[in-house]
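>>> Next come a sequence and a model predicted from it.
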Amino acid sequence: MLWKFLFYCVIIVEKKSFSGENQFSKDRTMQKTAIIVAMEKELVSALSGFGEAEIVSEFVGKPVYRIKKQSGEVYILNSGVGEIAAAAATQHAIDVYGAELIVNFGFVGSLKPEFKQGDLVVAKEIIHYEFDTSALDGFETGRYEEFPFRNLPTDGELTSEAARLFGLKKVIVASGNKFICDQKTKSLLVSSFGADICEMESAGIVLTALRNGKKTLILKLVSDNADEDSHVDFFESVKKGTAECAKIITKILGD
């Protein structure tokens, strides 16, 4: 399947206007494109969905691929799993390739019954639930001193437009360096932070983008229910819902 192997990605697009009556095309252009996946085995298969690719450079010792599209050049990087790896890849994309918009796609665990396996959602806010400086400055968990808010926001216009065009629910993402597979932690993320889904990369991506003044659009596919069976559900659900993700990302790229 075309996007079956995409695990987590960040997208940046070569400057080009989009067609169609939507926020992706109206009054805006994309200035570069990149896709960042988290694991090597997903990277190899993801390349087949974009056409012919060439190796143009390296990132942390791994090849960076470039694919030429009608909408511009697409760069594909392998970030590795977790917030730190995702943040590093995001900063690299901004510094080296001039990313203006960063789009992340990845698989997540559901924290609430209404978000079921195979559902595609779009993130409106990210809560970095493992960041806690309260003993030092009295700020609530997840709050960075440099921002007047706790939850890290994605781009509101793009998020709303993606939700409208594709019928996606807007969610709050709990992001941390932990794969959640127990009910106690799941309940805590809901009661303490109002989170809907959980994963391991978005905090690093959105925080880095905000600090650089860049926009973000975060698309997530629910792959499990964040419970004790997560390790089993994950690999089964990778096969579901990817076709719709491909349509959305293709729309964003303008091809």
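Yes, it's here.

>>> residue nearest the centroid of this protein?
Residue closest to the average C-alpha location in the chain (Cα atoms, centre = their mean): N104, at 2.3 Å.

>>> What's the separation between that one and A88?
Distance, N104 to A88, by Cβ to Cβ, to the nearest Å: 14 Å. Backbone N, C-alpha and C define where each C-beta goes, glycine included.

>>> same deal with G194?
Taken as Cβ to Cβ, the span from G194 to A88 is 29 Å.

>>> Pick out whichever of the two has more residues nearby.
Taking other Cβ atoms under 10 Å, G194 and A88 do not tie; A88 has more neighbours (19 against 14).

>>> Which secondary structure state is assigned to that one?
Look at A88: counting by DSSP: H, G, I helix; E, B strand; the rest coil, its state is helix.

>>> For I36, see how far away it is.
Distance from A88 to I36, by Cβ to Cβ: 10 Å.

>>> any shared contact partners between these two?
S79 (Cβ atoms under 8 Å, 6 or more residues apart in numbering).

>>> Note down every partner strand of the strand or helix carrying E73 and its orientation.
Element membership of E73 [criterion: DSSP states H and E] is strand 72-78. Applying DSSP bridges, strand 72-78 is found paired with strand 33-37 (parallel), strand 62-69 (antiparallel).

>>> what are the ranges of the strands in the stretch 51-200 of the chain?
Shown for the stretch 51-200 of the chain, the strands assigned by DSSP state E, counting those that start in this stretch span residues 54-59, 62-69, 72-78, 101-110, 120-128, 152-153, 169-175, 197-199.

>>> Mind listing the residues bridging to V121?
K169, K220.

>>> Tell me the pLDDT of it.
What the model reports as pLDDT for V121 is 94.

>>> got the contact list for it?
108, 115, 168-171, 196-197, 219-222.

>>> Most widely separated two among those?
Maximum pairwise distance in these, criterion Cβ to Cβ, is 15.0 Å, between K170 and L221.

>>> What is the least confident helix or strand in the chain?
strand 16-17 (a mean of 38; mean pLDDT, DSSP states H and E).

>>> D119 against L221, yeah?
Yes - D119 is in contact with L221 according to Cβ atoms under 8 Å; the separation is 7.4 Å.

>>> just curious, which of the contacts of V121 is nearest to I94?
Using Cβ to Cβ, the contacts of V121 come closest to I94 at L219, 19.3 Å.

>>> Tell me, how many residues neighbour the residue nearest to D119 when sequence neighbours are not counted?
Of all residues not flanking D119 in the chain, V222 sits nearest, at 4.5 Å (Cβ to Cβ, 6 or more residues apart in numbering). A total of 25 residues lie near V222 under the criterion other Cβ under 10 Å.

>>> so what's E145 up against?
133, 137, 139.

>>> Need the per-residue pLDDT for it.
pLDDT, read off for E145, is 86.

>>> Return the backbone torsion pair for it.
With angles defined as degrees, to the nearest 10, E145 sits at phi -60, psi -30.

>>> Let the chain start at 880 from now.
Sure, I'll start counting at 880 from here, so that last one is E1024.

>>> what would the contacts of E1024 look like in TSV with neighbour count, pLDDT and distance to R945?
Shown next, in TSV, are the contacts of E1024 (neighbours: other Cβ atoms under 10 Å; pLDDT from 0 to 100; distance: Cβ to Cβ, whole Å):
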residue	neighbour count	pLDDT	distance to R945
T1012	14	81	40
D1016	8	80	43
F1018	15	84	42
